[in-house]
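# the following block contains a protein sequence and its predicted model.
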Amino acid sequence: MKVLLLNQFFHPDVAPTGQMATELGEDLVRAGVDVTAVVSRGTYLGGVRLPRREEHAGIAIRRIPGTAFGKRSLLHRGLDYASFYASAATALARLPRHDVVIAMSTPPLIAAAGLAAKARRGSRLVYWVQDLYPAVAVAFGALREGSPVERAMREVSRQVMRHADQVVVLGQSMAERVADAGADPGRVRIIENWADGGKLCPVAHEENALRAEAAGDAAFVVMYSGNIGRAHDVETIARAARLLRDHREIRFVFQGDGAKRTEFEAATRGLENVRFAPYQPADRLAEALSAADAHLVTLAPAVAGMLEPSKLYSVMAVGRPALYVGPLHAEAARTVERERCGFAFRNGDASGLAEAIVGLSSDPARSADLGRLAREVFVARYDRQIRTAQFARMLRELP
């Protein structure tokens, strides 16, 4: 079987969708699939040009021309998107036919290029939805609902959903949304995202060089790691940190960056129990995540069912309890409650979140038990190889 992966970002980029696409490609190659990736020469953060051609773990990478402004502004991101659309359409028309095109959702609705390949070449199309557009753009305020651009994007989305051979989504809530957007429910498959349990393992505090830096003089570290973006609820977490400002044994560490970091810093200014840190390199991620005693996972109510906070699987991989804040019908909330690997709170429940943090900090044995359970269920049900094997089976079952 010949498979083409279509996404703006790919190895060695740090973009989350690029990492997911790379790991899927690597595991498909191991399963005997011939994989080509059509991706951008630009990068998620901008300012870098990658080689036009490269082979990685048996994957033939074909990087196509385009701008590389990065995510500094919506304008820069929009220009990068537009140039990638044009180059991708040309590249797919020139490349040999592939049996299956797996198109992700970066940039939005790039799956339309895959739909064109399906029409011209007879390739089957798998639409792998990480972010549901244009609904996400409306929720973020980047598009006005009912505007000409939004209506046009909605129609393109409907056509892609209607004609894709399979629509892969991240949870039940998203499955319901894509069905409402035009997908045939019989062609919708739930395959949650994953983490790599071979690379992300628990690191004991006494063996962790990053623990002292994260904890300082505190005994219990609550960490938020990754993108601090528009899809996340920073307000509830900031209020919980303020409620716990006199608990010197507890420290909040926010490790990452994003559109809402400035807002977060302003909301927690003057709190001595809050520390901000930059992203850690990928080869130290296990240490960085394990430096915490519990992790925050959040989702803004406006985007429930349009995307999922996949960092939950990394938290489970390093054996730490998850403290989820967001809509309770989201897949992350359902996973936390179903697997009993942490606690889930509605948006705005800062007092409930603060109470749970105090409870965990005062009962280290319970916190450790939750972490062990998180790792156990992760290995049994959420590890990378389990999820990519589901993908491989789905590809083999395509009509």
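Sure, I can see it. Computed from a predicted structure; not experimentally measured. Residues are numbered from 1 along each chain as shown.

# report pLDDT for residue 106.
Confidence at residue 106, expressed as pLDDT, is 89.

# how close does it get to residue 17?
According to Cβ to Cβ, to the nearest Å, residue 106 and residue 17 sit 5 Å apart. Heads up, the C-betas are built off the backbone N, CA and C, glycines and all.

# quick check: neighbours shared by the two?
Common neighbours of residue 106 and residue 17 (criterion: Cβ atoms under 8 Å, 6 or more residues apart in numbering): 7, 8, 9, 130.

# ok, and the most crowded of these?
residue 7 (29 neighbours; other Cβ atoms under 10 Å).

# correct me, but that residue touches residue 16?
No: the criterion here is Cβ atoms under 8 Å, and residue 7 misses it with residue 16 at 10.8 Å.

# helices and strands around the longest helix anywhere in the chain, which ones?
Scanning the chain for the helix with the most residues, using DSSP state H, yields helix 74-94. When contacts are defined as 3 or more Cβ pairs under 8 Å, 6 or more residues apart in numbering; DSSP states H and E, helix 74-94 sits against strand 2-6, strand 34-40, strand 59-64, helix 111-121.

# for the ones you listed, which one sits closest to residue 399?
helix 111-121 (12.8 Å; Cβ to Cβ).

# mind listing what's buried in the closest one?
By 16 or more other Cβ atoms under 10 Å, the buried positions in helix 111-121 come out as 111, 112, 113, 114, 115, 116, 117, 118.

# quick check: next helix or strand after that helix?
strand 124-128 (DSSP states H and E).

# and the angle from that next one to helix 111-121?
Put simply, strand 124-128 runs at 170 degrees to helix 111-121, going by axes from the mean of the first three to the mean of the last three Cα atoms, to 10 degrees.

# isn't residue 182 right up against residue 154?
No: contact criterion Cβ under 8 Å: residue 182 and residue 154 do not qualify, at 9.1 Å.

# more neighbours, the two?
Ranked by neighbour count (other Cβ under 10 Å), residue 182 and residue 154 place residue 154 first, with 20 against 17.

# can you tell me how far the more buried one is from residue 147?
Residue 154 is 10 Å from residue 147, by Cβ to Cβ.

# and for residue 102?
When residue 102 is compared with residue 147 (using Cβ to Cβ), they lie 30 Å apart.

# of the two, who's got more company?
A side-by-side neighbour count of residue 102 and residue 147, using other Cβ under 10 Å, places residue 102 first with 27 against 12.

# lowest average confidence, helix or strand, in this protein?
Least confident element among the helices and strands of the chain, by mean pLDDT, DSSP states H and E: helix 74-94 (a mean of 82).

# I'd like the next helix or strand past it.
Following helix 74-94 in sequence, per DSSP H and E, is strand 100-103.

# helices or strands up against that next one?
Using 3+ Cβ pairs under 8 Å, 6+ apart: strand 100-103 touches strand 2-6, helix 111-121, strand 124-128.

# give me the contact list for the last one.
In other words, strand 124-128. So strand 124-128 is contacted by 99-105, 111, 114-115, 117-118, 160-161, 163-168, 394-395, 398-399 (Cβ under 8 Å, 6+ apart).

# hmm, back to that, and the angle for the longest helix of the chain with strand 34-40?
140 degrees.

# any chance of CSV for the buried residues of helix 111-121, columns distance to residue 28?
Output for the buried residues of helix 111-121, formatted as CSV (distance: Cβ to Cβ, whole Å):
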residue, distance to residue 28
111, 18
112, 23
113, 20
114, 16
115, 21
116, 23
117, 18
118, 19
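
# between those residues, which is nearest residue 363?
Among the buried residues of helix 111-121, and counting by Cβ to Cβ, the member closest to residue 363 is residue 111, at 47.2 Å.

# quick one: contacts for that closest one?
Residue 111 sits in contact with 6, 103, 104, 105, 125, 127, 160, 164, where contact means Cβ under 8 Å, 6+ apart.

# any idea how far the fourth one is from residue 265?
Pointing back at residue 105 there. Applying Cβ to Cβ to residue 105 and residue 265 gives a distance of 30 Å.

# who has more neighbours out of those two?
In this view residue 105 and residue 265 are compared by other Cβ under 10 Å, and residue 105 has more residues nearby, 22 against 15.

# surely the more buried one and residue 133 touch.
Yes: here residue 105 lies in contact with residue 133, judged by Cβ under 8 Å, at a distance of 6.4 Å.

# on that earlier part again, enumerate the positions of the least confident helix or strand of the chain that are buried.
For helix 74-94, by 16+ other Cβ under 10 Å, it's 77, 80, 81, 83, 84, 85, 87, 88, 91, 92.

# hey, least reliable of the helices and strands packed on strand 100-103 by pLDDT?
helix 111-121 - the lowest mean pLDDT of the helices and strands packed on strand 100-103, at a mean of 92.

# dump that one to CSV, restricted to CA.
In CSV, the C-alpha atoms belonging to helix 111-121 read as follows (Å, rounded to 0.1, in the frame of the first residue of the first chain):
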residue,chain,number,x,y,z
ALA,A,111,-8.0,17.9,2.9
ALA,A,112,-9.6,19.6,-0.1
ALA,A,113,-6.4,19.0,-2.0
GLY,A,114,-6.7,15.3,-1.0
LEU,A,115,-10.3,15.4,-2.3
ALA,A,116,-9.1,16.6,-5.6
ALA,A,117,-6.5,13.8,-5.7
LYS,A,118,-9.4,11.4,-5.0
ALA,A,119,-11.4,12.8,-7.9
ARG,A,120,-8.5,12.8,-10.4
ARG,A,121,-6.5,9.7,-9.4
